[in-house]
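*Asks:* all I have is the shape, not the residue letters:
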Ligand SMILES: Nc1ncnc2c1ncn2[C@@H]1O[C@H](COP(=O)(O)OP(=O)(O)OP(=O)(O)O)[C@@H](O)[C@H]1O
């Protein structure tokens, strides 16, 4: 599902059955039960009523044998007939209640899964959480299903009257306390290992996904052997942890099973006390048999209730592991969201491609980075004021003290050697990375009719060809498709898909060549028609002829271009060149024949 390097966060190092668990558990409950009148609450309430009724019926069924002893000992034929009728009705009711109980549990599982997953998705896809989280390394997690330990409900059973006086209930209670302490001790190490196992399970699945996504590149390298070895290595680590978990669980199972069986045996000891002390000396053998049967049932029933609580310890250790995983994921996502500056905490919104009108959101106040989307000059997209930035894992500045303004009509080309920070500049402009210092003002909105970024690696979503181009579920612009600007693409793609709106079941990354993906990205650009187009090596897989055609089309549509690239042919489409020279140095030059001006301050001039 979702994930991150958050697993290495100090807060996750020792997941235990502690206060943090209670807090995380409660926060998950708040998601599952957001209000008093809610489908989940209704289902839970119904389940509670059904379970309590079931317990009452079970009690009635349980005392039937003692009544049979009585009528059989007394040779009471009418009483026997009535009892058989009653037994049939009770058994029917009991099986109906049990089935309804299981049915509601199934429904609740689906409903809880939906609620919890949707809430995690909502946080994951808000702002750029999915980017930041994945930048930190991705691991899969699920496990909410074990959260549904409905058996807890059966502990809410009513306590039936016991004929052994106070000795019975008190000894059963003491037994329960001893069992709880012992199981708590056995459960501790399991929670930590289960947590670890979940993380490794995610890593393992991620490895499979990675190979699936990069199957062709891997095949070119004949990487089967290497990947086989690495995948097996991950499997070994996972299996080792699983083995260790099973070993630790062995002691818990021994504890739980011993407790169960001693519990059954304890009931006879409790009944033996009043019998041997002569309390029931005056009873006939028939009455004594009925009483023993009834007392045995009541004791076993009570012990069973407490035993179920103890048995829950195995489930509880699972719940604790999963609760910590889910709770931690939610906390990390909340943290990321809080620090992201285009997220408006008041409205809980960030940019949405489905809102095709240009809506600029006010940036949340951000203490570290003065990154602001505001109404600056109408003809300006970005203002960089003494901006310095570096990559997250290095102390070396990529660009130092850069000041410039990106204005309408002045096309900017960013060049520089590999790794000098060209794409990183776009990351800073797009607020994927934070600048070390300085101010970055984005004076237009992000998206159609504002600024649109075409990343180095084309982004394909799933869906029809029209959805690929429009990049939105609502096609509200008149879809006079601009694919004809990419005509070679248009004919071949339309032939392959069978039409703009034909559903395709392939992965677009697998069936399009890099050049086709770049053309499709341009088709998207022409459809969305932003005022500013930021192109990161967007034509690197195309011929110079195709590049010229696409750049001309962009200019015809009135777009101001910010391009990154290594090709010298790009120069003629731009007015100003920003060259990143490495070690933080940069220089700005006017390109031949251009009249553009965008420099605020250039130390090199
Ligand atoms: N996600 C990332 N996390 C950490 N460091 C990164 C990340 N992406 C890039 N870097 C590092 O930042 C530096 C600048 O990378 P950037 O992608 O900006 O280079 P570039 O100039 O665009 O190179 P190219 O011409 O190859 O595209 C490089 O040293 C790179 O290793």
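*Replies:* Sure, I can see it. The shown structure was predicted, so the numbers you read here are calculated from the model rather than taken from an experiment.
*Asks:* return the residues in contact with the residue nearest to residue 119 when sequence neighbours are not counted.
*Replies:* Ranked by CB to CB, 6 or more residues apart in numbering and with sequence neighbours excluded, the top spatial neighbour of residue 119 is residue 31, at 4.8 Å. (Glycine included, C-beta is placed from N, CA and C.) Counting by CB atoms under 8 Å, 6 or more residues apart in numbering, residue 31 touches 115-116, 119.
*Asks:* give me the local confidence score for residue 31.
*Replies:* What the model reports as pLDDT for residue 31 is 86.
*Asks:* tell me the phi and psi of it?
*Replies:* In terms of degrees, to the nearest 10, the main-chain angles of residue 31 are phi -70, psi -40.
*Asks:* can you tell me how far the residue nearest to residue 194 when sequence neighbours are not counted is from residue 189?
*Replies:* Computed as CB to CB, 6+ apart, the closest residue to residue 194 that is not its neighbour in sequence is residue 321, at 3.4 Å. Residue 321 sits 11 Å away from residue 189 when distances are taken as CB to CB, to the nearest Å.
*Asks:* tell me what the helix or strand where residue 176 lies is packed against?
*Replies:* Element membership of residue 176 [criterion: DSSP states H and E] is helix 167-213. With contacts defined as 3 or more CB pairs under 8 Å, 6 or more residues apart in numbering; DSSP states H and E, helix 167-213 has these neighbours: helix 224-276, helix 285-339.
*Asks:* and for the residue in the stretch 151-300 of the chain that the ligand sits nearest to, the neighbour number?
*Replies:* Using CB to the nearest ligand atom, the point where the stretch 151-300 of the chain gets nearest to the ligand is residue 210, with a distance of 16.3 Å. Residue 210 is surrounded by 15 other residues when neighbours are defined as other CB atoms under 10 Å.
*Asks:* could you point out which element follows the helix holding residue 176?
*Replies:* Once helix 167-213 ends, the next helix or strand along the chain (criterion: DSSP H and E) is helix 215-220.
*Asks:* in that following helix, what counts as buried?
*Replies:* residue 218 (16 or more other CB atoms under 10 Å).
*Asks:* what sits up against that helix?
*Replies:* By CB under 8 Å, 6+ apart, the surrounding residues in contact with helix 215-220 are 211, 223-224, 227, 510.
*Asks:* change it to 7 Å
*Replies:* Contacts to helix 215-220, defined as CB atoms under 7 Å, 6 or more residues apart in numbering, come from residues 211, 227.
*Asks:* now it: mean pLDDT?
*Replies:* When pLDDT is averaged along helix 215-220, the result is 77.
*Asks:* distance from the chain centre to it, please.
*Replies:* How far helix 215-220 lies from its chain's middle: 29 Å, per CA atoms, centre = their mean, to the nearest Å.
*Asks:* contact residues of the chain facing the ligand?
*Replies:* 135, 391-393, 398, 416, 418-424 (CB under 6 Å from any ligand atom).
*Asks:* ok, 8 Å please
*Replies:* Contact residues of the chain with respect to the ligand, defined by CB under 8 Å from any ligand atom, are listed as 135, 390-394, 398, 416-427, 456, 536-537, 564, 566, 580.
*Asks:* roughly how far does residue 17 sit from residue 199?
*Replies:* Distance, residue 17 to residue 199, using CB to CB: 19 Å.
*Asks:* brain fart, residue 232
*Replies:* Counting by CB to CB, the gap between residue 232 and residue 199 amounts to 18 Å.
*Asks:* equivalent analysis for residue 280, please.
*Replies:* Distance of residue 280 to residue 199, computed by CB to CB: 59 Å.
*Asks:* ditto for residue 303
*Replies:* 38 Å.
*Asks:* neighbour count winner among these two?
*Replies:* Ranked by neighbour count (other CB under 10 Å), residue 303 and residue 199 place residue 303 first, with 26 against 21.
*Asks:* let me see the confidence value for that one.
*Replies:* What the model reports as pLDDT for residue 303 is 71.
*Asks:* cool, the one 3 residues further on as well?
*Replies:* Confidence per residue is given as pLDDT, and for residue 306 that number is 69.
*Asks:* swap in residue 4?
*Replies:* 41.
*Asks:* mean pLDDT lowest for which of the helices and strands packed on helix 167-213?
*Replies:* For these, where the average pLDDT is lowest is helix 285-339, sitting at a mean of 76.
*Asks:* and it, what does it pack against?
*Replies:* Contact partners of helix 285-339 among helices and strands, from 3 or more CB pairs under 7 Å, 6 or more residues apart in numbering; DSSP states H and E: helix 19-32, helix 39-62, helix 64-73, helix 77-124, helix 129-135, helix 167-213, helix 224-276.
*Asks:* lowest average confidence across these, which one?
*Replies:* Summarising mean pLDDT across the helices and strands packed on helix 285-339, the least confident stretch is helix 129-135, with a mean of 74.
*Asks:* pull out the buried residues from it.
*Replies:* Buried positions in helix 129-135, judged by neighbour count with 16+ other CB under 10 Å: 129-133.
*Asks:* just to revisit the earlier point, among the helices and strands packed on helix 167-213, which is the most enclosed?
*Replies:* Comparing the helices and strands packed on helix 167-213 by mean neighbour count (mean count of other CB atoms under 10 Å), helix 285-339 ranks first with a mean of 20.
*Asks:* now that helix, how far from the chain's geometric center?
*Replies:* From the chain centre to the centre of helix 285-339 is a distance of 26 Å (CA atoms, centre = their mean).
*Asks:* next: stretch 97-116.
*Replies:* Centroid separation between stretch 97-116 and its chain, computed with CA atoms, centre = their mean, is 21 Å.
*Asks:* show me what counts as buried in it.
*Replies:* Along stretch 97-116, the positions that meet the burial threshold by neighbour count (16+ other CB under 10 Å) are 97, 100-101, 104-105, 108, 111-112, 115-116.
*Asks:* would you format these as TSV with distance to residue 529 included?
*Replies:* Listed next are the buried residues of stretch 97-116 as TSV, based on distance: CB to CB, whole Å:
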residue	distance to residue 529
97	63
100	58
101	58
104	53
105	53
108	48
111	43
112	44
115	39
116	40
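*Asks:* closest one to the ligand out of those, please.
*Replies:* Of all the buried residues of stretch 97-116, the ligand sits closest to residue 116, with 29.8 Å by CB to the nearest ligand atom.
*Asks:* quick check: the closest one vs residue 328, distance?
*Replies:* Distance, residue 116 to residue 328, using CB to CB: 14 Å.
*Asks:* do the same with residue 551
*Replies:* Computed as CB to CB, the residue 551 to residue 328 distance reads 47 Å.
*Asks:* what separation do you get for residue 177 and residue 170?
*Replies:* Look at residue 177 and residue 170: by CB to CB, they are 11 Å apart.
*Asks:* quick one, strands of the stretch 301-450 of the chain?
*Replies:* If you assign secondary structure with DSSP state E, counting those that start in this stretch, the strands in the stretch 301-450 of the chain sit at 370-373, 380-390, 397-407, 412-416, 437-442.
*Asks:* tell me which of these sits most buried.
*Replies:* With neighbours defined by mean count of other CB under 10 Å, none of the strands of the stretch 301-450 of the chain is more surrounded on average than strand 412-416, at a mean of 23.
*Asks:* so what strands line up beside it?
*Replies:* According to DSSP bridges, strand 412-416 forms sheet pairs with strand 560-564 (parallel), strand 576-582 (parallel).
*Asks:* before we move on, what SS does residue 541 have?
*Replies:* At residue 541, secondary structure determined by DSSP: H, G, I helix; E, B strand; the rest coil is coil.
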